[in-house]
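*Asks:* return a 3D structure for these sequence lines:
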Amino acid sequence: MNPIAKGLNEAIQADQPSVYQMLSELGKALYYPKGILSQSNEANQKATKFNATIGIATEGNEPMHFKHIHNSMPDYETKDLFPYAPPQGKPALRQVWKEKLLRDNPSLSNKKIGLPIVTNALTHGLSLAADLFVEKGDTVILPDKNWGNYNLIFGIRRQAELKTFRLFNEEGRFDAEAFRNTILSVKEKGKVVLLLNFPNNPTGYTPHPDEAKAIVSTIVEMAEAGLDIVAIIDDAYFGLFYEDSIKESLFGMLANAHPRILPIKVDGATKENYVWGFRVGFITYASESEEVLNALEAKTKGLIRGTISSGSHPSQTIILQSLQSDEFQIEKQEKFEIMKRRALKTKEIITQPKYKEVWTYYPFNSGYFMCLKLDGVDGEAVRVHLLNEYGVGTVSINSTDLRIAFSCVEEEDLEELFELIAKGIQDLK
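*Replies:* All right, here's what the predicted structure looks like:
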């Protein structure tokens, strides 16, 4: 094993041995090399005459570039567009995003977390967490209502066993008993990976405060019983909380809760700030040990360096400027109100008496989506029929569940959308 990786592992074992046990074999072997990038960083600080280290071209004391490209982004300096960004991301962006996390999550007050590491959006962050902490045969526990890409990331790529628990009980509440029993069923393995996504895709559900308390209580209980728990919190739709739910991430509630719990927050500007194509996300660790946080950052940097090398510099620059803008909070609230009105209008429409015999629906109070629960007709058949006969696109999750993205339908068009969906279902019935 590389001596740098060995040193990182020893630092983790000394301060939080459970975290070392959570690492995959790849995670244990990873390190950030003292190679070209570290030498270039040193040269940036000390090479006052000539800096002939990094593989970019310069001209006139700035990065060489095409003027027609810079002319399309004249408000930004060339140094913030054309050179490589660091593998871990722009320092200022990382700091501003951490400040945002602390503002948005009151439970993080007085808790120790690492500096967020920039990822190539959220899927990349999940993939990093999977590579670092998921080994072949590990169990990943997640709700039965989940994003299909999880199977590719954790199941196909990392060959984990994906074990689901029932998200909703008969009363339409978070099924805390199913959650607890599912973890108990794999307790003898000694390690489990939890994958929790709220607001949930596909249902648009976020737990109420008492439900969140039960989730955290169960996780702590299992940790106290000797289970090592990697708690990956997928906060793709963070902040879009419209009704009676918690208004912060479970990450804050789990941070520093127990030495056997490693909370990992994966989030991004992607959906929160409506910049899907910019591909800027973050992965953040929580630990009471500064040494553990530093070691996990070094391993994550090494993994990024060995895969994508670094993320898009222009995207990071634009996001940083946006977060620092006086217009940010104003425009974010404006978009939030639009999304909230669409969600509430959707609920008003689908609960009309005329649709009582057509569908039921899963609880939703946040995010981009809601799910209709179909009875007596197949979800995929409905999807195809709506597309072919009415020009309406929906997503079939399985034989009973049809996902509707109210996020991409104007409020005034929602009534017609659901009228057509109801027609399609009745056609097939």
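*Asks:* switch to C-alpha atoms for all contacts and neighbour counts from now on
*Replies:* Will do.
*Asks:* how long is stretch 394-414 end to end?
*Replies:* Using CA to CA, to the nearest Å, the end-to-end distance of stretch 394-414 comes to 13 Å.
*Asks:* just how off-centre is that stretch within its chain?
*Replies:* 21 Å (CA atoms, centre = their mean, to the nearest Å).
*Asks:* CA atoms of stretch 114-128 as PDB?
*Replies:* Extracted in PDB, the C-alpha atoms of stretch 114-128 (Å, rounded to 0.1, in the frame of the first residue of the first chain):
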ATOM      1  CA  GLY A 114     -15.600  19.200   6.700                       C
ATOM      2  CA  LEU A 115     -15.300  21.700   4.000                       C
ATOM      3  CA  PRO A 116     -17.600  20.700   1.200                       C
ATOM      4  CA  ILE A 117     -15.800  19.100  -1.700                       C
ATOM      5  CA  VAL A 118     -17.000  20.100  -5.200                       C
ATOM      6  CA  THR A 119     -18.300  17.300  -7.400                       C
ATOM      7  CA  ASN A 120     -19.400  17.100 -11.000                       C
ATOM      8  CA  ALA A 121     -23.000  17.400  -9.700                       C
ATOM      9  CA  LEU A 122     -24.900  15.100  -7.400                       C
ATOM     10  CA  THR A 123     -24.600  11.800  -9.200                       C
ATOM     11  CA  HIS A 124     -20.800  12.100  -9.100                       C
ATOM     12  CA  GLY A 125     -21.000  12.800  -5.400                       C
ATOM     13  CA  LEU A 126     -23.000   9.600  -4.900                       C
ATOM     14  CA  SER A 127     -20.600   7.700  -7.000                       C
ATOM     15  CA  LEU A 128     -17.600   9.000  -4.900                       C
END
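*Asks:* what sits up against it?
*Replies:* Contacts with stretch 114-128, where a contact means CA atoms under 8 Å, 6 or more residues apart in numbering, come from 87-90, 94-95, 97-98, 153-154, 234, 236, 266-270, 278-287, 293-294, 297, 300, 303-304, 311-312.
*Asks:* where does the protein have its least confident helix or strand?
*Replies:* Least confident helix or strand, the chain: helix 36-46 with a mean of 69, by mean pLDDT, DSSP states H and E.
*Asks:* who are the packing partners of whichever helix or strand Val193 is part of?
*Replies:* Using DSSP states H and E, Val193 falls within strand 191-197. Applying 3 or more CA pairs under 8 Å, 6 or more residues apart in numbering; DSSP states H and E, we find strand 191-197 packed against strand 139-143, strand 228-234.
*Asks:* nearest to Asn110, of these?
*Replies:* Judged by CA to CA, the one of those that comes nearest to Asn110 is strand 228-234, at 19.8 Å.
*Asks:* let's verify Thr207: helix, strand, or coil?
*Replies:* Careful, residue 207 is Pro and not Thr. For Pro207, the assignment made with DSSP: H, G, I helix; E, B strand; the rest coil gives coil.
*Asks:* surely it touches Ile246?
*Replies:* Yes: applying CA atoms under 8 Å, one finds Pro207 in contact with Ile246, separated by 6.3 Å.
*Asks:* for these two, work out which one has more neighbours and name it.
*Replies:* Remark: of Pro207 and Ile246, Pro207 carries more neighbours, 23 against 19, as counted by other CA atoms under 10 Å.
*Asks:* nearest residue to the more buried one other than its sequence neighbours?
*Replies:* Ser245 (5.4 Å; CA to CA, 6 or more residues apart in numbering).
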